[in-house]
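Asker: 3D, please:
(one chain, ligands or ions: 1)
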Amino acid sequence: MTASQDFDVLIVGSGLAGLSAALHLAPTLRVAVLTKRQLADGASGWAQGGIAAALAEGDSFNAHVDDTLVAGAGLCDPAAVRFTVEHAPPSIAWLQALGVPFSQEGDALHLTREGGHSARRIVHATDATGAAVQDTLVARVRATPNITVLEHHTLVDLVTSCVPGQAGHQPDQLGTARCLGLTALDTATGQVRTFAAPHTILATGGAGQVYLHTTNPDTATGDGIAAACRAGCRVTHMEFIQFHPTSLHHPQARSFLISEAVRGEGGQLKLPDSAGGTRFMPAHDARAELAPRDIVARAIDHEMKTHGLPCVHLDITHQPAEFIRAHFPTIHARCLALGIDITRAPIPVVPAAHYTCGGVRTDLRGRTDLAGLHAIGETACTGLHGANRLASNSLVECMVFARAAAHDIAQHPQPVTHVPPVRHEGRTLAGSEAAAVARHRDALRRLMWDDVGIVRSNARLARAGQGVALLRRDVHTLWTRFAPTRELLELRNLVEVAELIVRSAQARAENRGLHFSTDNPERPDVALSATVADADLGAA
Ligand SMILES: Cc1cc2nc3c(=O)[nH]c(=O)nc-3n(C[C@H](O)[C@H](O)[C@H](O)COP(=O)(O)OP(=O)(O)OC[C@H]3O[C@@H](n4cnc5c(N)ncnc54)[C@H](O)[C@@H]3O)c2cc1C
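Answerer: Numbering: from 1, shown residues only. Below you'll find the model as predicted:
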């Protein structure tokens, strides 16, 4: 067992949130960035649309605030919304100063417009904004001497000064408890290592992998949310999972988004039936395929469940082939590589879990309930998104709260508390037990998709609750008997997050924002959320 290693700040996760925080802290503090795979991995590099900031002439902070509040369907924290909106322009300037090659129009930034935004407000780098940002930040972090990068290190648990299960395990009892560091699995060696620091930042992204269909990368298993919950922090708004209506359905194409611009250019949603494809959206909403995201996702879910379909079709073949190739080069190339020529055949699509609005509750400094622990990015629930996220508000949230957390940490220096190495022993997971881990993960993702997806009901949520409880028992047995592997600890976290989503969904006896149950009475908020994203074209 190796001795623990200490730093001034431990950052878990290397997406936009984690890397931004590291760069803000490094000039004065010794920072370690631990990341599950490689530095560039995560959702941030996959973002296509862009970053929202009120920069255009005629736009205003008030308008950006209002659009965000409308999307959030009454559950945003107005202070968090204003804080984010007002800090968005300096965050963009910071990225520009670092050298991110944003699309320009003359000397100014080119701004696009997305659904739910009342002005042109989206800063972007063509249609690959996340990759441009992530490439720049990764290069900067690698060149910064004060930052130690620990790739292939997966957070296992936080180390705190209180014992879970005893006093201090409830948020209102956390009292003087502190986060003292963490344990992480070095997947290259299979060893669990202990790290000590007076400050830890969770930036592990969302939890889309808890669903069978998701646009999220494999890394999005809700690890930070689950770890913070185990340490006694409040986790809120987990019922609000944003589903993207159209992701590619193909066995070799996981997590590939089919832009909403395809529907914007006249793409029609059809049943894959013998009648040659019956169009179904007009029966669900007068705006048909151009209805808001949540309505289109619900309609597809309804048709798939009613007809027992694995997917529906999105047909853009009425447009000339040249037009399709020019407007959708990436989608065309990706589908063609899989044998689907979208100029001649419809695209098989399913809705997919896209964004986790809830997470670890934080204040405007990114502080959680546990002293010494901050949470930022998609892992956190700052109050910005409320019951539904406005397109392109998440990348900006990552940067604004990374800076706020870094500032807070720099203002409150603390000595390192020695943490003795934490032991994690057990047999090596192999054979049928290793197969059970993979089987449980599949079962959980299917169960969540079927029963806690886009359209919920009391009976389905109750069934899901029982299923998750059974899986939790089995996973607990595996966890206590075997040495951790990345697969096992991800499963442990996915089960934890699934339980949080089910419980939050059961507790919300109203249809609001992204939460919809057939057993809840209709309420005006549904109509409210439906006003969002009318022109939701190309948004992500
Ligand atoms: C396809 C797609 C398109 C999107 N487009 C947009 C857009 O245009 N605009 C917008 O605002 N938002 C968009 N989003 C949402 C946005 O990309 C994310 O919300 C944002 O990137 C989250 O950043 P993050 O730093 O919090 O997490 P991530 O970028 O996901 O990074 C999380 C990091 O944590 C690491 N990690 C996870 N668990 C552990 C662990 N246990 N131990 C160590 N490391 C761990 C991961 O490997 C990763 O490095 C999009 C999302 C997707 C999936």
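Asker: pull the longest helix from the chain.
Answerer: helix 458-481 (DSSP state H).
Asker: could I get the average pLDDT for the helix or strand just after it?
Answerer: The helix or strand immediately downstream of helix 458-481 is helix 486-507, counting by DSSP states H and E. Mean per-residue pLDDT for helix 486-507: 98.
Asker: tell me what angle helix 486-507 forms with helix 458-481.
Answerer: Going by axes from the mean of the first three to the mean of the last three Cα atoms, to 10 degrees, helix 486-507 is angled at 150 degrees with respect to helix 458-481.
Asker: and the strands in the stretch 301-450 of the chain?
Answerer: 312-315, 347-356, 359-361, 373-375, 380-381 (DSSP state E, counting those that start in this stretch).
Asker: how deep is Pro89 tucked in, by neighbour count?
Answerer: 15 (other Cβ atoms under 10 Å). Any C-beta I mention is one placed from the backbone N, CA and C, and that applies to glycine too.
Asker: flag every residue of the stretch 301-450 of the chain that's near the ligand.
Answerer: Tyr355, Gly377, Glu378, Thr379, Ser392, Asn393, Ser394, Leu395, Cys398 (Cβ under 6 Å from any ligand atom).
Asker: go ahead and confirm Asp266 touches Gln319.
Answerer: If you look again at residue 266, you'll see it is Gly, not Asp. Yes - at 6.4 Å, Gly266 counts as touching Gln319 under the criterion of Cβ atoms under 8 Å.
Asker: these two: who's more crowded?
Answerer: More crowded of Gly266 and Gln319, by other Cβ under 10 Å: Gln319, with 17 against 13.
Asker: tell me the bridge partners for the residue in the stretch 51-200 of the chain that the ligand sits nearest to.
Answerer: When scored by Cβ to the nearest ligand atom, the stretch 51-200 of the chain has Leu155 as its residue closest to the ligand, at 3.7 Å. Note on Leu155: beta-bridge partners by DSSP bridges are Ala184.
Asker: so how many other residues sit close to it?
Answerer: Using other Cβ under 10 Å, the number of residues around Leu155 comes to 25.
Asker: show the contacting residues for it.
Answerer: Taking Cβ atoms under 8 Å, 6 or more residues apart in numbering, we find Leu155 in contact with Val12, Leu34, Lys36, Leu182, Thr183, Ala184, Leu202, Thr204, Asp223, Gly224, Ala227.
Asker: and for Asp66?
Answerer: By Cβ under 8 Å, 6+ apart, the neighbours of Asp66 are Ser118.
Asker: and it, what helix or strand is that in?
Answerer: Since the elements are taken from DSSP H and E, Asp66 ends up inside helix 61-71.
Asker: ok, Ala464 touching Arg445?
Answerer: No - with contacts counted by Cβ under 8 Å, Ala464 stays clear of Arg445, the gap being 11.9 Å.
Asker: neighbour count for these two, which is higher?
Answerer: Ala464 (24 against 19).
Asker: contacting residues for the more buried one?
Answerer: With Cβ under 8 Å, 6+ apart, Ala464 has these contacts: Leu447, Met448, Asp451, Val452, Ala498, Val502.
Asker: now stretch 237-246: mean pLDDT?
Answerer: On average, stretch 237-246 scores 96.
Asker: cool, stretch 54-68 as well?
Answerer: The average pLDDT for stretch 54-68 rounds to 97.
Asker: quick check: buried residues in it?
Answerer: Ala54, Leu55, Ala56, Asp59, Ala63, His64, Val65, Asp67, Thr68 (16 or more other Cβ atoms under 10 Å).
Asker: residues in contact with the second one?
Answerer: Going back to what we said before, that points to Leu55. Pro89, Ile92, Leu109, Leu111, Arg121, Val123.
Asker: doesn't it fall inside a helix?
Answerer: No - applying DSSP: H, G, I helix; E, B strand; the rest coil, one finds Leu55 to be coil, outside a helix.
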